[in-house]
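Asker: got a structure for you, letters missing:
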């Protein structure tokens, strides 16, 4: 059932880096046949490598998963499975090893590796809850409250259940469950598989003699995140983090209840060293729906604690612990490694595959059975203990996730080369020609025949334009067509157009073009940059004056081909042929537009006016697979998401200084890694989606944190200029499409079979093409908050009806669905949401916190130690 909130609707409340997606060893390795290796790197630091052949969510998508355990943390990667190839160290593209890794055959290694994985952080959380009466301004006063109020009790009931501590068998969060020394009762709940214990100040022991209430402070003062429930209205003096003396608490959530309208107001304070974490607060940060407030608050608290663990203080401590555990385990393993002798195997073969049958099969099968038995017992023990990264219990709201796809076509019989959306239809280039596919179940309409081999296309409805790059090598060219002409031809049922029919539509100087790029929003003019080997050709569309356009149209219709409207500006020579290109718009749009190009081992910025090149980023890797360069804008400043191999790197291009961009490392630069090498990347704020060979990996743009992984067999991104279209060889079922809470892919420890080989689809006969399923993810769902607050845009708006539940009145709101405009919206949403995360949005308030300096925090925390007093406030209340 759909959940309909009370006052405002949002879809971006997600647990970041959910354990049932990130704790791979527990989920995919433990209790199954897998291989573990030990080795030392070039600096003689020991490492461990675990490899398993798994089937994602039983979707018939076999793939290798590998975890590299090292002192700096774990590296997790997915690699496609091939029945004819074995996996080697070189194929994994990992760091250089001093020696080839040796396999560890002792099944007890599973226990040690599980301990290493648990260093990533607890799956259960403890949070402080401090009650403050109206007017209380010191921690001694707040901690000395013996009882709360009726509204505080109501808030506690919303948070969780009241449990008796004596004999409590669940997660205890450091409280005494035997002798009642830490109070008789406490508040406890389970949220999306996480056990949460709240240290409530009024439930902890009170001492009349001790004014400082040390026993209460001992628990709440050692919580990373604390909720402060403050009585009083907006006119009362507000809580400030400086009132609490704690070196350990990094985040305060200030909650106030309004009796008049039965609503909660939330404000978040966090230390400067804490990286950004979601979800962003609404503006104003007032919640009238209590269940929605609970959902938002618990997700914010959990994400906040996880973000705090990435601060230098905690990260360094975790790294020291991990290094110590790895070295200690290595010392214990050395004697066994020498006994094995020369058992050095660089090929990670699957233990049960026919190609690598051991000499003594019975002995090996017995070893594997014991290995699996010990792993399953360990898995069961972890679940019983309550430390399993599972989502067996879900107490979150039942809601549709924004990335849920809709079926667009269930039997498309051609391989897709490229495509773009045209209204509610999809224009698809195939080897058999270009076809128009409607979402209604009718056969596709042929637009161009197979002589037009289109390799790249853009549809610009606002400009009545189709741009297409055809053929390959020396014969490739760029063609331009009027959409209205193509539409008229389809309506008049004219013959399918051929390459010969389109000879008047080709841009002459583009012969040999292997790649082109256009500017993402056309506020001033359309710019096309065509790459012909190592040469860039800048083309613009002439601006037509409205008055002259009217006079011409009265006399004669515009020519069928728009070729004459394009002009060649200049050529720019590069040092190599570009693999990836993106146009970056400058703030003035006159002489400061740039072109980002990727070639060799680097990303460069090219000045459109002068042709000068500036080094943007050098890739430190032996082999580089360039994926994309995506331009994003914040507060009028340009930034670029540079994507290659497993890495996505954000680089800010500082304000242009005349014709020279300032490119240097800034605090706002950050990077993150995908679990699998993407084939394509789409930025739809607040999300960034990676399309791999068999999964869609969804992360947050602001910090790169994972929120969901959807399994899609034989995945191919088709179009993403507005709504996202993708193709798959199989139907995307509910398991991969639904909320991440329900896709934990529980691997039962009682499963009797050690390992089931993945099932493969039956091979196709000669000349047989497997039908494709095409799905659509509406952009309005991903950037759904633009529906509540429409954004200004320089282009003409279309009026659409946003998707709403039957319980919500279906009001028509102008939302920009033009292909070029949708990206413009995303950029404005990006700027606004970052302000919300940092507490920089404006809202009239009766009282301001002048003592708290609002400082724009970096995405990546600085390396130095955080100052105890430096606190960031996150709220719409300023």
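Answerer: Thanks, I have the structure now. In this text, all values refer to a predicted model and were calculated from it rather than measured experimentally.

Asker: now the end-to-end length of stretch 436-444.
Answerer: 6 Å (Cα to Cα, to the nearest Å).

Asker: if we look at it, which residues are touching it?
Answerer: 408-410, 412, 422, 424-428, 435, 445, 447, 490, 774, 776 (Cβ atoms under 8 Å, 6 or more residues apart in numbering). In short, each C-beta sits where N, CA and C put it, glycine included.

Asker: what's the closest of the residues you listed to residue 276?
Answerer: residue 776 (30.2 Å; Cβ to Cβ).

Asker: give me the neighbour count for that closest one.
Answerer: By other Cβ atoms under 10 Å, the residues close to residue 776 number 21.

Asker: next secondary structure element downstream of the helix or strand harbouring it?
Answerer: Taking DSSP states H and E as the criterion, residue 776 maps to strand 772-777. With elements assigned by DSSP H and E, the helix or strand that comes after strand 772-777 is helix 779-782.

Asker: whichever of the contacts of stretch 436-444 end up buried, select them in ChimeraX.
Answerer: The buried subset of the contacts of stretch 436-444, as determined by 16 or more other Cβ atoms under 10 Å, is captured in ChimeraX by this line:
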select :408,409,412,422,425,426,427,428,435,447,774,776
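
Asker: now do the strand holding residue 776, average pLDDT.
Answerer: Averaging pLDDT along strand 772-777 yields 92.

Asker: list the contacts of it.
Answerer: With Cβ under 8 Å, 6+ apart as the criterion, strand 772-777 contacts 403-416, 426, 437, 439, 716, 718, 723-732.

Asker: report the buried members of the residues you listed.
Answerer: 403-405, 408-409, 412, 414, 416, 426, 437, 716, 718, 723-730, 732.

Asker: list the helices and strands the strand or helix carrying residue 127 packs on?
Answerer: Following DSSP H and E, one finds residue 127 within strand 125-132. With contacts taken as 3 or more Cβ pairs under 8 Å, 6 or more residues apart in numbering; DSSP states H and E, strand 125-132 sits against helix 139-143, helix 150-159, strand 194-200, helix 214-220, strand 225-230, helix 290-308.

Asker: still on that earlier bit, tell me which of the contacts of stretch 436-444 fall in helices.
Answerer: Using DSSP state H, the members of the contacts of stretch 436-444 that fall within helices are residue 490.

Asker: inside strands: which ones of the contacts of stretch 436-444?
Answerer: 408-410, 412, 422, 425-428, 435, 445, 447, 774, 776 (DSSP state E).

Asker: now do the same for residue 16: its pLDDT.
Answerer: On the pLDDT scale, residue 16 gets 90.

Asker: tell me how many other residues surround it.
Answerer: 21.

Asker: so residue 83 versus residue 32, what's the distance?
Answerer: 19 Å (Cβ to Cβ, to the nearest Å).

Asker: nope, residue 530 is what I was after
Answerer: 51 Å.

Asker: looking at those two, which is more packed in?
Answerer: residue 530 (26 against 21).

Asker: that one in helix, strand or coil?
Answerer: Per DSSP: H, G, I helix; E, B strand; the rest coil, the local secondary structure of residue 530 is strand.

Asker: who's in contact with it?
Answerer: Per Cβ under 8 Å, 6+ apart, neighbours of residue 530: 478, 507, 510, 513, 515-516, 536-537, 539.

Asker: format the residues you listed as JSON lines; extra columns: secondary structure, distance to residue 293 and neighbour count.
Answerer: Converted to JSON lines, the contacts of residue 530 look like this (DSSP: H, G, I helix; E, B strand; the rest coil; distance: Cβ to Cβ, whole Å; neighbours: other Cβ atoms under 10 Å):
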{"residue": "478", "secondary structure": "strand", "distance to residue 293": "53", "neighbour count": "23"}
{"residue": "507", "secondary structure": "strand", "distance to residue 293": "56", "neighbour count": "20"}
{"residue": "510", "secondary structure": "helix", "distance to residue 293": "56", "neighbour count": "22"}
{"residue": "513", "secondary structure": "coil", "distance to residue 293": "55", "neighbour count": "23"}
{"residue": "515", "secondary structure": "strand", "distance to residue 293": "49", "neighbour count": "19"}
{"residue": "516", "secondary structure": "strand", "distance to residue 293": "49", "neighbour count": "23"}
{"residue": "536", "secondary structure": "strand", "distance to residue 293": "53", "neighbour count": "24"}
{"residue": "537", "secondary structure": "strand", "distance to residue 293": "56", "neighbour count": "20"}
{"residue": "539", "secondary structure": "strand", "distance to residue 293": "53", "neighbour count": "21"}
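
Asker: which one of those residues is nearest to residue 332?
Answerer: Closest approach to residue 332 among the contacts of residue 530 (Cβ to Cβ): residue 515, at 53.8 Å.

Asker: for the stretch 1-150 of the chain, what are the low-confidence residue spans?
Answerer: For the stretch 1-150 of the chain, applying pLDDT under 70 flags the ranges 1-11, 56-60, 86-100.

Asker: just give me the neighbour total for residue 614.
Answerer: Quick note: residue 614 (other Cβ under 10 Å) scores 14 neighbours.

Asker: backbone phi and psi for it, please?
Answerer: Backbone torsions of residue 614, given as degrees, to the nearest 10, read phi -130, psi 130.

Asker: stretch 180-190: how far from the chain's middle?
Answerer: With Cα atoms, centre = their mean, to the nearest Å as the basis, stretch 180-190 stands 36 Å off its chain's centre.

Asker: what does stretch 504-520 give?
Answerer: For stretch 504-520, the distance to the chain centre is 33 Å (Cα atoms, centre = their mean).

Asker: pLDDT of that stretch, averaged?
Answerer: Here stretch 504-520 scores 91 as its mean pLDDT.

Asker: what is the end-to-end distance of it?
Answerer: Using Cα to Cα, one end of stretch 504-520 lies 26 Å from the other.

Asker: go through it and flag the buried ones.
Answerer: Using 16+ other Cβ under 10 Å as the test for burial, stretch 504-520 gives 505-507, 509-510, 512-520.

Asker: identify the single longest helix in the protein, thanks.
Answerer: Under DSSP H, the chain gives helix 312-340 as its longest helix.

Asker: centre of the chain to it, how far?
Answerer: 31 Å.

Asker: helices and strands around it, which ones?
Answerer: strand 35-40, strand 46-55, helix 109-118.

Asker: state the distance from the most centrally placed residue in the chain to residue 191.
Answerer: The centroid of the chain falls nearest to residue 699 when counting by Cα atoms, centre = their mean (0.5 Å). From residue 699 over to residue 191 the distance is 21 Å, taken as Cβ to Cβ.

Asker: cool, and residue 412?
Answerer: 41 Å.

Asker: got it, and residue 454?
Answerer: From residue 454 to residue 191 the distance is 49 Å (Cβ to Cβ).

Asker: ok, back up a step: farthest pair within the buried residues of stretch 504-520?
Answerer: 512 and 520 (25.1 Å).

Asker: now do the strand holding residue 127 against helix 290-308, angle only.
Answerer: 120 degrees (axes from the mean of the first three to the mean of the last three Cα atoms, to 10 degrees).

Asker: quick one: the strands in the stretch 401-550 of the chain?
Answerer: Counting by DSSP state E, counting those that start in this stretch, the stretch 401-550 of the chain has strands at residues 406-412, 418-422, 425-430, 433-437, 445-448, 454-460, 465-470, 477-482, 506-507, 515-518, 527-532, 535-541.

Asker: what's the closest of the ones you listed to residue 287?
Answerer: strand 406-412 (29.8 Å).

Asker: what packs against that closest one?
Answerer: Strand 406-412 packs on strand 433-437, strand 772-777, going by 3+ Cβ pairs under 8 Å, 6+ apart.

Asker: could these be laid out in a markdown table, adding distance to residue 49?
Answerer: A markdown table is the format used below for the helices and strands packed on strand 406-412 (distance: least, Cβ to Cβ, whole Å):
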| stretch | distance to residue 49 |
| --- | --- |
| strand 433-437 | 45 |
| strand 772-777 | 35 |
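
Asker: quick one: which of these is nearest residue 691?
Answerer: Closest among the helices and strands packed on strand 406-412, once you apply Cβ to Cβ, is strand 772-777, at 11.0 Å.
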